[in-house]
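Chemist: Let's see this in three dimensions:
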Amino acid sequence: MKPPRLPPEYFEEMYAHSADPWQFTTRWYEERKRALTLAALPRPRYRSAFEPGCGIGVLTRELAARCDRILATDIVENALRGAADRLAEISGTVELRRWAIGDDWPAAHFDLIVLSEVCYYLDAAALHATLDELLGHLDPGGTLVCVHWRHPVPEYPLTGDEVHAILEGHPGLARLARYADDDFLLEVYTPAASEAGSVARNEGLI
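Modeler: Okay, the predicted model is just below:
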């Protein structure tokens with residue numbers, strides 16, 4: 001029987017061989033994806049963000065310009081050390097913690113949750129349970145942004161397309177925005193009962 005999520009050893013081995021195994025700091029693909037992620041956020045600023053799977057903190061650093069505080073987590077100590085170095089000058093904004101999806105959730109509420117390249121490490125049942133739990137920690141008008149690689153990876157329990165099909169079908173979530181290309185999917189959600197919606201309407205343009 002397969003475990004509900006990839007084991008920590010999978011990620012520890014990757015960071016044992018490279019300080020930046022996904023080449024977040026060197027690939028235009030990653031830089032472009034981060035820019036699109038930030039551009040898709042419907043608010044200019046957030047009170048409290050949660051970023052599971054922060055890796056070495058490259059996206060975290062850019063999110064910090066839009067957030068009063070961020071809880072950023074990873075399962076690998078080497079990744080968290082790299083993130084601490086990258087974020088040292090803004091350490092008052094960012095709290096780093098060793099944590100993985102499937103652990104007990106932090107005792108906090110957030111108005112932004114970022115699931116970037118993490119959900120396909122779970123199987124479908126674990127992802128459904130995670131989304132149920134997530135809604136208990138996302139503010140009623142909060143933002144959930146999800147970004148995932150679309151090409152298959154044999155070790156991953158789900159593909160990016162399967163992840164986003166589960167997101168789309170979750171009754172507690174309402175989609176605000178979607179971007180898709182051959183390589184990745186980017187979607188923005190809010191709790192289904194939220195009145196959040198059109199950015200133009202929120203700004204009084206319509």
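Chemist: So which residue is smack in the middle of this protein?
Modeler: Geometric centre of the chain, nearest residue: Leu115, 1.8 Å, by C-alpha atoms, centre = their mean.
Chemist: Assign the residue lying closest to that one once chain neighbours are set aside to one of the three secondary structure states.
Modeler: Using C-beta to C-beta, 6 or more residues apart in numbering and skipping residues adjacent in sequence, the residue nearest Leu115 is Cys146, 4.6 Å away. In this view, the C-beta of every residue, glycine as well, is placed from N, C-alpha and C. Three-state call for Cys146 (DSSP: H, G, I helix; E, B strand; the rest coil): strand.
Chemist: I'd say Cys146 and Ile166 touch.
Modeler: No: using C-beta atoms under 8 Å, Cys146 makes no contact with Ile166, being 10.1 Å away.
Chemist: Between the two, which contacts overlap?
Modeler: Cys119 (C-beta atoms under 8 Å, 6 or more residues apart in numbering).
Chemist: which residues touch the nearest residue to Asn78 once chain neighbours are set aside?
Modeler: Nearest non-adjacent residue to Asn78, counting by C-beta to C-beta, 6+ apart: Tyr15, 4.1 Å away. For Tyr15, the contact set (C-beta under 8 Å, 6+ apart) comprises Pro21, Val76, Asn78, Ala79.
Chemist: contact partners of stretch 67-77?
Modeler: Residues from elsewhere that reach stretch 67-77 (C-beta under 8 Å, 6+ apart): 8, 11-12, 15, 45-55, 57, 60, 63-64, 80, 83, 87, 93-100, 106, 108, 110, 112.
Chemist: Could you identify the buried members of these?
Modeler: 11, 15, 46, 48-55, 57, 60, 63-64, 80, 83, 87, 93-94, 96, 99-100, 110, 112 (16 or more other C-beta atoms under 10 Å).
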